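A.B. asks: give me coordinates for this.
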Amino acid sequence: MSFFPTETDGDTVIVTLTNAPRNTLSTELLNEGTEVFRKFTQDNPKGGVVLTGAGEHFTCGMDTKIAAALDEAGQEQAIAAINAYAASLHRLPCAFVCAVNGNAIGAGGIMMLCADWIYAASGNYKIGLPEAKAGLPFPPVPQAILDHWLEPSWRRRLALSSMLLKPNEAIGAGMVEATLMPGDLIEKSVAKAKELNAQPGFAACKRQLRAKANAEIDAILG
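C.D. replies: I've put the predicted structure just below:
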């Protein structure tokens, strides 16, 4: 069973991160995700890509119990998997929309910052980067993404205090464009991906906008 089942809506690919009950991340899951999104880089969907989560969560980040049990070699593999996965999202040349359906914690926040547009369902859930509280400092590629795409004062607040935001509060932090009714989330996210990708200069402008960050990521990954 795939952690990243896909479906299509016209020319748009919808990817649903699926790992019940909380869509937590593991090395195995991250490695599969990297392959999925690398394929989209090579076979560029004409209507863009939408990423959402199965069930009640977008993702609650790394599985802390699994992470705590890793030996040194396992920790190195996990960090490499996180770096590669985040890079695969950031390098997508087509329009990439995150449809945040529930809690987006830790790596979930990084995934959102890789997107070109972020819609969040209205609801009683949290978005944030509580790595300090979890004892899991940011790996190099996620840190580069934070440095480039999160406004400095919010980067400081979120990374050092582990504060969690409600969906509407995440708009003010620059992590969400707008909140939507849950029933409209996927439909409007697909429409936005199509709209963005249909612009004649979208790919070129995205490439320019991300050039410095991608160069930094390339240097990290060697």
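A.B. asks: show the average pLDDT along whichever strand or helix holds residue 80.
C.D. replies: If you go by DSSP states H and E, residue 80 is part of helix 72-90. For helix 72-90, mean pLDDT is 95.
A.B. asks: next helix or strand past it?
C.D. replies: Counting by DSSP H and E, what follows helix 72-90 is strand 96-100.
A.B. asks: list of residues touching that following strand?
C.D. replies: For strand 96-100, contacts defined as Cβ atoms under 8 Å, 6 or more residues apart in numbering pick out 48-53, 58, 89, 108, 111-112, 114-121, 127, 167, 176, 185-186, 189-190, 192-193, 196. C-beta: built from backbone N, CA, C; applies to glycine.
A.B. asks: then stretch 172-182?
C.D. replies: Residues from elsewhere that reach stretch 172-182 (Cβ under 8 Å, 6+ apart): 100-101, 109, 112-113, 117-123, 127, 150-151, 154, 157-158, 165, 167-168, 170-171, 188.
A.B. asks: could I get that stretch in PDB with only the CA atoms?
C.D. replies: What follows is stretch 172-182, C-alpha atoms only, in PDB (Å, rounded to 0.1, in the frame of the first residue of the first chain):
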ATOM      1  CA  GLY A 172      -0.900  36.400   9.400                       C
ATOM      2  CA  ALA A 173       2.300  34.400   9.700                       C
ATOM      3  CA  GLY A 174       2.500  34.000   6.000                       C
ATOM      4  CA  MET A 175       2.000  30.200   6.100                       C
ATOM      5  CA  VAL A 176      -1.600  30.200   4.600                       C
ATOM      6  CA  GLU A 177      -3.200  32.300   1.900                       C
ATOM      7  CA  ALA A 178      -6.800  31.700   3.000                       C
ATOM      8  CA  THR A 179      -9.100  29.400   4.900                       C
ATOM      9  CA  LEU A 180     -11.900  27.500   3.100                       C
ATOM     10  CA  MET A 181     -14.800  25.400   4.200                       C
ATOM     11  CA  PRO A 182     -13.600  21.800   4.400                       C
END
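A.B. asks: for it, which positions count as buried?
C.D. replies: Residues 173, 175-177, 179-180 are the ones in stretch 172-182 that count as buried (16 or more other Cβ atoms under 10 Å).
A.B. asks: and the lowest-mean-pLDDT helix or strand in the chain, which residues are buried?
C.D. replies: Sorting the helices and strands of the chain by mean pLDDT, DSSP states H and E puts helix 64-69 at the bottom, at a mean of 79. The neighbour-count check on helix 64-69 (16+ other Cβ under 10 Å) flags residue 67 as buried.
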